[in-house]
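Novice: Got a predicted model here, sequence first, then my questions.
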Amino acid sequence: MFNEFNSTKLEKKNVFEGLHKNRLFIGIIGVTIILQIVMVEVLKDFADTYKLNWGQWGICIAIAALSWPIGSIVKLILVPEMVEI
C-alpha cells in the first residue's frame, strides 16, 4: 500500500502533494487497508495467514513505510533521456 503513494507521481519528489483532492485514490487506499486487515485477521484459513498483535502490525507498517524514503532517494537518481532510433 505504501508503494501506491510512490507510484502516483513518478517524477515528483513530494508524493503527497494534491492527494487530498483525489477522492478515487483515497478510496482505493481505504479499500486496500480494509482488504489487507480482513485477509490477515479474518480469512486466515483461506489465505493461510496468522493473526497479528498490535506490535506485529506496527513492525509491518514501519517496514513498509521505509518505501517512502527509499522512493525519494531513487527519484534523486538522474536518468538520461531516451533517444529514438
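Specialist: Yes, it's here.

Novice: Can you tell me how far the closest residue in space to L43 that isn't next to it in sequence is from V42?
Specialist: Distance criterion C-beta to C-beta, 6 or more residues apart in numbering; nearest residue to L43, sequence neighbours excluded, is T49 at 7.3 Å. For every residue, glycine as well, the C-beta is placed using N, CA and C. Between T49 and V42 the distance is 10 Å, computed by C-beta to C-beta, to the nearest Å.

Novice: Thought D48 was touching V40, still the case?
Specialist: No - V40 lies out of contact with D48 (C-beta atoms under 8 Å); the separation is 10.7 Å.

Novice: out of the two, which sits in the busier spot?
Specialist: Using other C-beta atoms under 10 Å, the more surrounded residue of V40 and D48 is V40, with 17 against 7.

Novice: And L43, how far from G18?
Specialist: Distance from L43 to G18, by C-beta to C-beta: 34 Å.

Novice: pretty sure Q36 contacts F2?
Specialist: No - look at Q36 against F2 with C-beta under 8 Å: they stay out of range, at 11.3 Å.

Novice: Tell me the secondary structure at P80.
Specialist: Secondary structure for P80, judged by DSSP: H, G, I helix; E, B strand; the rest coil, is coil.

Novice: what does N6 give?
Specialist: Secondary structure state of N6, per three-state DSSP, is helix.

Novice: Show the pLDDT at it.
Specialist: With respect to pLDDT, N6 scores 74.

Novice: dump the residue contacts of it.
Specialist: Applying C-beta atoms under 8 Å, 6 or more residues apart in numbering to N6 gives the contacts V15, S67, W68, G71.

Novice: which two of those residues lie the greatest distance from each other?
Specialist: Based on C-beta to C-beta, the longest span within the contacts of N6 runs between V15 and S67 and measures 10.3 Å.
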